[in-house]
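S.K.: here is my input; please provide its structure:
(chains A and B)
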There are 2 protein chains.
Amino acid sequence: MKKITFLFLTSLFILSCNQKQEKVVDSNLLSSEEKIDSTSIKTLFNSALTEGKSYEWLRDLTKNIGGRLSGSPEAAKAVEWGTKLMNEVGLDSVWLQPVMVPHWVRGEKEIATYTTDGGQKNVPICALGFSIATPESGILAEVIEVKSLEEAEEMGEKLRDKIVFFNGAFDNTLINTFQAYGGCVGQRYSGARVCGKFGAKGVIVRSMTNVIDDNPHTGTMSYGDIPIEQYTPTAAISSRAAEILSADLKQYPNLKFYFKQSCKTLPDAPSFNVVGQITGSETPENIMVVGGHLDSWDLGEGAHDDGTGIVQSLEVAYLFKKNNIKPKNTLRVVFFMNEENGTRGAKKYAELAKLNKENHIGGLESDAGGHTPRGFTIDANAVNTKLLQSWKKLLSPYGLHDLDKGGSGADISPLKDDNVTLVGYRPDSQRYFDYHHTSIDTFDKVNKRELELGSASMASIIYLMDKYLYKNTPVKP
Amino acid sequence: MKKITFLFLTSLFILSCNQKQEKVVDSNLLSSEEKIDSTSIKTLFNSALTEGKSYEWLRDLTKNIGGRLSGSPEAAKAVEWGTKLMNEVGLDSVWLQPVMVPHWVRGEKEIATYTTDGGQKNVPICALGFSIATPESGILAEVIEVKSLEEAEEMGEKLRDKIVFFNGAFDNTLINTFQAYGGCVGQRYSGARVCGKFGAKGVIVRSMTNVIDDNPHTGTMSYGDIPIEQYTPTAAISSRAAEILSADLKQYPNLKFYFKQSCKTLPDAPSFNVVGQITGSETPENIMVVGGHLDSWDLGEGAHDDGTGIVQSLEVAYLFKKNNIKPKNTLRVVFFMNEENGTRGAKKYAELAKLNKENHIGGLESDAGGHTPRGFTIDANAVNTKLLQSWKKLLSPYGLHDLDKGGSGADISPLKDDNVTLVGYRPDSQRYFDYHHTSIDTFDKVNKRELELGSASMASIIYLMDKYLYKNTPVKP
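M.R.: Prediction:
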């Protein structure tokens, strides 16, 4: 037993010694001002990780409201929820920005099926946003498989009366999964536009995901400027169903695919951006925006897309207030409406900012999921880009190593201007497209610590931007 | 509709532009040799992400064998499984290293309960490894709550006939969760040793986790060198139960806590390390070890701890073979037995290495979960530490930014020597203690891409170590 004890103690000792030491910024590398910043950032992280509210806010939004597509009763509830919450956090002022939004509804659960010698197969399917319905009896037609918009264009007249099956898959060798998404999403968005003009009867698209599973991923599509009589019903099928259908088509090239959906686009509906702010203590006329989008697709609970961005954005303001950090510039939290199918909220916000001659100096958007923090992308002029990158030594102890040039996000980018510094929060992307736009984008997929670390990461860069970023370059020394 | 289309296209364009560009190493910063290395590393990642086997291997291990504590029939099955798999991968030689291991069994499901004016509360509980059983009728006693071993020591005689409740919680402000674990695990390991000598009747310990939930976390404990008559039954209770019990004790300081467990330590049992290797093409006498531990706690499926380390270690060899990369030194894969309660396999491996005058030049261990990659810790002499850190520009495009000095792992650290370069694989730690040593450490908690990125990360550093690391410093230029 003594020998065992010794071995265990040794083993435990090794365990303790093995683990990476908690990194603190080496004080010798910091100026006196940076030491203050380092302490402030640590305060924000400690606060988020011990008294953060974002996780419970997210539970409330996802579990008590759930999916909230623009124009839906749930989206209206989310506006009420957001307004109430901003007031509870004690922002200096909270208001709504009215905006008309597209109103598409899914209708009855979609059905898809086909039959081979192996029997009938039921295909997991969902209509794409803005697709038209099939006739009530559904569509039955032969299938042509293509891997890209270009291939469909080349097929031309061969597509007539067929169901066109876009089966371009994610390139899983891309480390950043958003790159893989970017390489495929054109099929989803423009497949029906391309095929409609050649008289296709329907379009089905492989789901936008890294994984092979049974969840169809919805998302927005557009018929572009083709005449309405060329519109074809369009839907996504699960990645596994796409793999199976592709294999079946090799053996049964004339198989007939059937699907039925009853979605439709209703007249535009009234909705709102929810806006709240802490008025700046020194230059209140300068505005820094932090936000995400309040709407979500209807299939799941809109947890990672973009409930996490919403609650993290508000938590930035909460952490400032809780720790008595008064922003010098006005810190404005915006819950944008309608990012998913129209970005009307984003346009409205930028339009009003211009109309009211508001002076935006910076913005931060969280719309890439609530996973563990990796960094930020910076969309700014050269001087401010360099300034933000100089904060790396303050941010890297928290896993925030990535500070590359890149876009910010769909909701704040209409504010783009040479003197506005826009930033996108970039958490780890590996799991994001497992859930994106599906019925499994639910609260249980979000990890409390990862969410809170994200809030603190965002609060930290906002703290630094607020302190060091002034409207016009050159920045205050 | 045209306006909508325009907005959508704009929005999609922004989406594409927003996403961080796939980082490639800037060729201008690389020597010609580093360009070759950069290409080889990309090959390893591409291969892992498109033809990796680790995820299906892990499914097999966790779902068809499951939890596999040392000495159990499942551990024996895991040895067979590992041997078969190493042969299937086509390693040059595969063999077993016999080792006697401790054999502790949990017995019947543990029971714990107490009653207040609010009624009876059932407490989620599990015996700690090497604990003795309670009497068959269980233990009923008043509870003394402490937060640390020091506090228990100070209590001294006040602990007599009491159940001592260690309720020290994780420090959630520590970004690296292993640091929080290190700050608490002494209570679990040594609580019974400290309290036994003061005549405590039993010990219950708050579970080692960042979260508040209902899962008790098992783990190893030791009675140290106290006489056997001072041994007290010891168990973990869930973090939520700990919070509730602590609150109840404030209101009902004399409440009596009851628990019952029937675990016992059987005589040592025969088992094995599973070892396989690809013989080096240039200096086969130099050995590089890559491994994890095959045993796991009994409650879950041993997925993150340490099924992921096992399958990733073998995948390193698989990726070398699949891509026709021949290691210059011998690449040895080891599935260590008994890391969880004894590290007998680790000691046996080091003992045999010494006995057989084997020349180990390096080692890599994966035993920190299968989450998204963050980097490595390096336990090496100054020259080799600097060498490994010089690879940062090759590794950081894959999210591997952390290359700090630190320990490697419990299974390879007995090989420590000034001329042996030991490395620990360090994935993101945020979720690890949600599952660690519980019934929910199951296959579904592992993400396929994250697992594969880990295999590729490990293969990449092994590729570099194999190429640049020679036994004695100074290293080959």
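S.K.: hey, let's count contacts and neighbours off CA atoms from now on
M.R.: Fine.
S.K.: near chain B, which residues of the stretch 351-477 of chain A are found?
M.R.: By the rule Cα under 8 Å from any Cα of the partner chain, the part of the stretch 351-477 of chain A lying against chain B is A:372, A:377, A:398, A:401, A:404-410, A:413, A:424, A:428, A:430-431, A:447, A:449-450.
S.K.: now the strands: where do they sit in the stretch 151-300 of chain A?
M.R.: A:163-166, A:202-206, A:234-237, A:256-260, A:264-278, A:283-293 (DSSP state E, counting those that start in this stretch).
S.K.: how about residue A:272, nearest residue that isn't a chain neighbour?
M.R.: residue A:98 (4.4 Å; Cα to Cα, 6 or more residues apart in numbering or on different chains).
S.K.: how much space separates the one you found from chain B?
M.R.: 18 Å (Cα to the nearest Cα, to the nearest Å).
S.K.: so which strand or helix has that residue?
M.R.: strand A:93-105 (DSSP states H and E).
S.K.: for chain B, what is the nearest residue in the stretch 101-250 of chain A?
M.R.: Chain B sits closest to residue A:173 of the stretch 101-250 of chain A, with a gap of 5.0 Å, by Cα to the nearest Cα.
S.K.: all the helices of the stretch 101-250 of chain A, in order from the start?
M.R.: Along the stretch 101-250 of chain A, the segments classed as helices by DSSP state H, counting those that start in this stretch run A:149-155, A:177-196, A:239-251.
S.K.: what pLDDT does the residue nearest to residue A:272 get?
M.R.: We have a pLDDT of 98 for residue A:98.
S.K.: let me know how buried it is, in neighbour terms.
M.R.: 15 (other Cα atoms under 10 Å in any protein chain shown).
S.K.: beta partners of residue A:115?
M.R.: In this entry, residue A:115 is beta-bridged to residue A:120, by DSSP bridges.
S.K.: report pLDDT for it.
M.R.: 97.
S.K.: which residues touch it?
M.R.: A:121, A:255-257 (Cα atoms under 8 Å, 6 or more residues apart in numbering or on different chains).
S.K.: gap between the two ends of stretch A:152-170?
M.R.: Start and end residues of stretch A:152-170 are separated by 18 Å (Cα to Cα, to the nearest Å).
S.K.: which residues sit against that stretch?
M.R.: Outside stretch A:152-170, the residues touching it (Cα under 8 Å, 6+ apart) are A:141-148, A:180-181, A:183-184, A:187, A:191, A:194-195, A:198-206, A:208-210, A:242, A:246, A:257.
S.K.: now do 6 Å
M.R.: Outside stretch A:152-170, the residues within contact range by Cα atoms under 6 Å, 6 or more residues apart in numbering or on different chains are A:141-148, A:180, A:198-206, A:210.
S.K.: domain ranges for chain A?
M.R.: Domain ranges of chain A: A:30-103+A:267-468, A:107-262, per automatic domain parsing.
S.K.: if we can go back for a sec, and the residues of the stretch 351-477 of chain A next to chain B, which of them are in helices?
M.R.: Counting by DSSP state H, those place A:449-450 in helices.
S.K.: now residue A:132: closest residue in space that isn't a chain neighbour?
M.R.: In space, residue A:132 is closest to residue A:233, 5.1 Å off (Cα to Cα, 6+ apart).
S.K.: pull the number of nearby residues for that neighbour.
M.R.: 28.
S.K.: quick one, phi/psi of it?
M.R.: For residue A:233, the backbone dihedrals are phi -60, psi 140 (criterion: degrees, to the nearest 10).
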